[in-house]
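Chemist: model this:
(2 chains)
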Number of protein chains: 2
Amino acid sequence: MRDFLPGDVRRRQYVIDVVRRVYERYGFEPLETPALENIETLTGKYGEEGNKLIYKVLRRGEGESTGETDLALRYDLTVPLARVVAEHRGKLPRFFKRYQIQPVWRADRPARGRFREFYQCDVDAIGSTSPVVEAEMIAAVSEVLQTLGFRDFVVQLNHRELLTAMLDASGVPPARHGDALIAIDKLDKIGRDKVGDDLVARGIDRTAADVCLGAFENVSAFDALVSRSERGTSAAANLAAITTLTESGPAKGHVQFTPRLARGLSYYTGAIMEIAVPDLAGSLGGGGRYDGLIGMFCGEQIPACGFSLGLERILVVMTERGMFPADVEASGPDVLVTIFDDDLAAESLTLAGELRSAGLRVEVYPEPLKGGKNLGKAFKYADTRQARFVAVVGQDEVKNADVKIKNLRTGEQQTVARGTVADAIRANLQLPASGHQP
Amino acid sequence: MRDFLPGDVRRRQYVIDVVRRVYERYGFEPLETPALENIETLTGKYGEEGNKLIYKVLRRGEGESTGETDLALRYDLTVPLARVVAEHRGKLPRFFKRYQIQPVWRADRPARGRFREFYQCDVDAIGSTSPVVEAEMIAAVSEVLQTLGFRDFVVQLNHRELLTAMLDASGVPPARHGDALIAIDKLDKIGRDKVGDDLVARGIDRTAADVCLGAFENVSAFDALVSRSERGTSAAANLAAITTLTESGPAKGHVQFTPRLARGLSYYTGAIMEIAVPDLAGSLGGGGRYDGLIGMFCGEQIPACGFSLGLERILVVMTERGMFPADVEASGPDVLVTIFDDDLAAESLTLAGELRSAGLRVEVYPEPLKGGKNLGKAFKYADTRQARFVAVVGQDEVKNADVKIKNLRTGEQQTVARGTVADAIRANLQLPASGHQP
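Modeler: So this is what the prediction gives:
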């Protein structure tokens, strides 16, 4: 778990603000859920392995001595959403489109790019089975990535029912499908031969394994297997509809049918997707349709589709590629206002207030400079803070109603009439001249 | 613990955005710390009562069976800050001004306005003992409140050393000062007589208690007691300097010397403050100078002063008074774009994309309307979503390169040329005409 110092928070906040802005334009609405859920809400939703990674919290009072737990930390944003939809159904619109940007916690061993506390940025659309849902979701995610400056991402697209049809046609018995998908998911990492052995080790016969793996090397073989069943043709039609609709928006040219994409989680029932970029081994995010999960909380089957972007992974790639705008990286104040002497403090605070009213970020150097004797200290501090300007108001300046300002980038020093300081600085910072800001 | 549905999140986000914007202008920088701290970091910092309210988390793996805990949920934002300053000292500027807006958790009994998970908005300035620090902090908090629309708040101001001097002069022995402050803190709630009895019950003699309580009813008596010691006169001078400096900014007219203000926490060492509004029993926030706390983590004494605003309390008062701007309350999309028929989906998604590029919030009704047969359903849905416009693109509109739009507030319906739809809607929403938005 990590502390985020100011530069880190700025970069994180920049990405979160872009995500929020784009998702709002797509009609998604914000939702937040508590960090702590009842323990039963989470257990049994993430598989055996997931269960072990849930952080469990002692029951207040009596739990201190007995070690009894009743609460657990949020493990993802999908299960809490399903609980919210089941619980607040009456207050939510028929088609509920929500985004949620919050941390989740997993008691995993920390590794490069893997943390025990990390942020997910989720969008989910509840209530419709229309392919418009997937197309809009892919468009929204693509627009987020493009707004952040990504050009080379691929939205890998597949369909759980297509995989099921293919496995059926290959002769993999239904009871082994889950196992088969876990093995297939490793094709990229360990290659065909090892996945073949793994399939056999998981009780699938060699012939079926060969047919199945052959299909991932040859699209027409894949199509031939899939088209043998109504299940397969209908999934292919659904995928074609989604793909066509993505051509009308920002995902155009980024979507790629990827037969070997399987996704780990068991709850997917339809289209599945993942974002790949060339320089990252894992994905920037992924998602899919899960028409059964909400029913686990309320009995009624309610269709749903979601996508989760990993904030930490986006940050890793953006940092390595230097994708942050200059004003996110340069975080220092626009102006450092100094206090020339004890009796001039009020004067300097008034100036600071005027500059802030004009929308500038202003820090006051809190210790009076003893009639300028400590001016050097203040300038040194301004440098470490990467301030753009230092402002000085001495006795002369008070008398003449002006202010000395120094541009720390150019070294240029000017004396400016008091009423025009803000605009002089804004002009230098290439900000538009400005009246008072709200 | 609560779920925040879209309307709730919008109101919370509005307040948080204001806090963030104002604090940035004052030169405070963002910091974020992990939700989970090592348990030893938190224990012993909040008193006996506080210790019991800390949420404790099982150690991963082995803790499952033994009940052993090693982590705990953040209880406030001040102790994590002190840890960060001690830990990252070398990377931080000499005067470190940070703001932090994050949830904290307390295993308290829930009550009206008291929650187990709640947000604090903290500002702290580390590294200087100058009264400019307190004055700037009071100015920043006052500007936050004014930007949110508060006019009637009072910044109550007092000084721990002033209270110490007064208690000394009243004849309360130093060992009883902590007890005395806890009793005095209840003056507003239970009145002079009961506080007097409480003081006596806490081992303070009746004469000392009477002298002390008399001082809270008569400013000149208070001053007389305080001025008997150098400690008292120096604290009074510090408070006078702070008060004078607040007159140069947005706190002007809001600051009130409040002798009975004591603040619960034991770590304060100088000025203390609290925000009061007439219609709230508790405070909107409070803070003060604590020059000893950081030393508990790193040995070196580092001066510090902080202020914490309670997001939940601000929200309670703003909701009761109806202080949120209309666009925060009305959260529906600007436009609901419908899909007239299956084969027109791509056309509608293209339109949605164009409107989004013009900065509008656009939701697509995902189910095709079967040649308009289900238009009624879509309009009903648009109503429940509080959409401002519905847009329809049928075969005729495609042919004529135009779009039907209906203003749901006025009922007015227009047919508008495709290229001008966004501007027509923006004009109706009183947004400036706009080229494509980033």
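
Chemist: give me the low-pLDDT residue ranges for the stretch 301-438 of chain A?
Modeler: Scanning the stretch 301-438 of chain A for pLDDT under 70 picks out A:434-438.

Chemist: Now with 80, please.
Modeler: The model of the stretch 301-438 of chain A has pLDDT under 80 over residues A:330-331, A:432-438.

Chemist: As a check, name the ranges of all helices in it.
Modeler: Along the stretch 301-438 of chain A, counting by DSSP state H, counting those that start in this stretch, helices occupy A:311-321, A:326-329, A:345-357, A:375-384, A:395-400, A:421-428.

Chemist: residues from the stretch 251-400 of chain A in reach of chain B?
Modeler: Listed as neighbours of chain B in the stretch 251-400 of chain A under the rule CB under 8 Å from any CB of the partner chain: A:331, A:333, A:339, A:345-347, A:349-350, A:352-353, A:356, A:359-368, A:381, A:384-385. Using the backbone N, CA and C atoms, a C-beta is placed for each residue, glycine as well.

Chemist: Find the centremost residue of chain A, please.
Modeler: A centroid search over chain A (CA atoms, centre = their mean) returns residue A:311, at 3.3 Å, as the residue closest to the centre.

Chemist: Spatially nearest residue to it, not counting backbone neighbours?
Modeler: residue A:119 (3.9 Å; CB to CB, 6 or more residues apart in numbering or on different chains).

Chemist: Tell me if residue A:27 really is in a helix.
Modeler: No. Assessed with DSSP: H, G, I helix; E, B strand; the rest coil, residue A:27 is coil; it does not lie in a helix.

Chemist: residues contacting it?
Modeler: A:97, B:333, B:361, B:362, B:363, B:364 (CB atoms under 8 Å, 6 or more residues apart in numbering or on different chains).

Chemist: give me that answer again for 7 Å
Modeler: Residues in contact with residue A:27 (CB atoms under 7 Å, 6 or more residues apart in numbering or on different chains) are A:97, B:333, B:361, B:362, B:363.

Chemist: Then residue A:110?
Modeler: Under the criterion of CB under 7 Å, 6+ apart, the neighbours of residue A:110 are residue A:116.

Chemist: Look through the stretch 1-150 of chain A and state the residue closest to chain B.
Modeler: Residue of the stretch 1-150 of chain A nearest chain B, by CB to the nearest CB: residue A:67 (2.0 Å).

Chemist: Mind pulling up the pLDDT for the residue lying closest to that residue once chain neighbours are set aside?
Modeler: Among residues not flanking residue A:67 along the chain, residue B:67 sits closest, at 2.0 Å (CB to CB, 6+ apart). Per-residue pLDDT puts residue B:67 at 79.

Chemist: and residue A:397, how many neighbours does it have?
Modeler: With neighbours defined by other CB atoms under 10 Å in any protein chain shown, the count for residue A:397 comes to 20.

Chemist: so what's the residue nearest to it when sequence neighbours are not counted up against?
Modeler: Nearest residue to residue A:397 in three dimensions, chain neighbours excluded: residue A:403, at 5.6 Å (CB to CB, 6+ apart). Residues in contact with residue A:403 (CB under 7 Å, 6+ apart) are A:351, A:391, A:393, A:397, A:416, A:418, A:421.

Chemist: how about a cut-off of 10 Å?
Modeler: Counting by CB atoms under 10 Å, 6 or more residues apart in numbering or on different chains, residue A:403 touches A:337, A:347-348, A:351, A:354-355, A:391-394, A:397, A:414-421, A:424-425.

Chemist: among those residues, which ones are buried?
Modeler: Neighbour counting by 16 or more other CB atoms under 10 Å in any protein chain shown classes A:337, A:347-348, A:351, A:354-355, A:391-394, A:397, A:416, A:418, A:421, A:424-425 among the contacts of residue A:403 as buried.

Chemist: Nearest to residue A:321, out of those: which one, please.
Modeler: Set against residue A:321, the nearest of the buried ones among the contacts of residue A:403 by CB to CB is residue A:425 (32.0 Å).

Chemist: pLDDT below threshold where in the stretch 1-150 of chain A?
Modeler: Regions of the stretch 1-150 of chain A meeting the criterion pLDDT under 80 cover residues A:47-49, A:60-67, A:110-114.

Chemist: For residue A:53, grab phi and psi.
Modeler: When read as degrees, to the nearest 10, the backbone of residue A:53 gives phi -90, psi 0.

Chemist: so who does the nearest residue to it once chain neighbours are set aside touch?
Modeler: In space, and not counting its chain neighbours, residue A:53 is closest to residue A:106: 4.5 Å by CB to CB, 6+ apart. By CB under 10 Å, 6+ apart, the contact set of residue A:106 is A:46, A:50, A:52-55, A:73-76, A:114-118, B:60.

Chemist: is it true that residue A:349 touches residue B:135?
Modeler: Yes. At 6.5 Å, residue A:349 counts as touching residue B:135 under the criterion of CB atoms under 10 Å.
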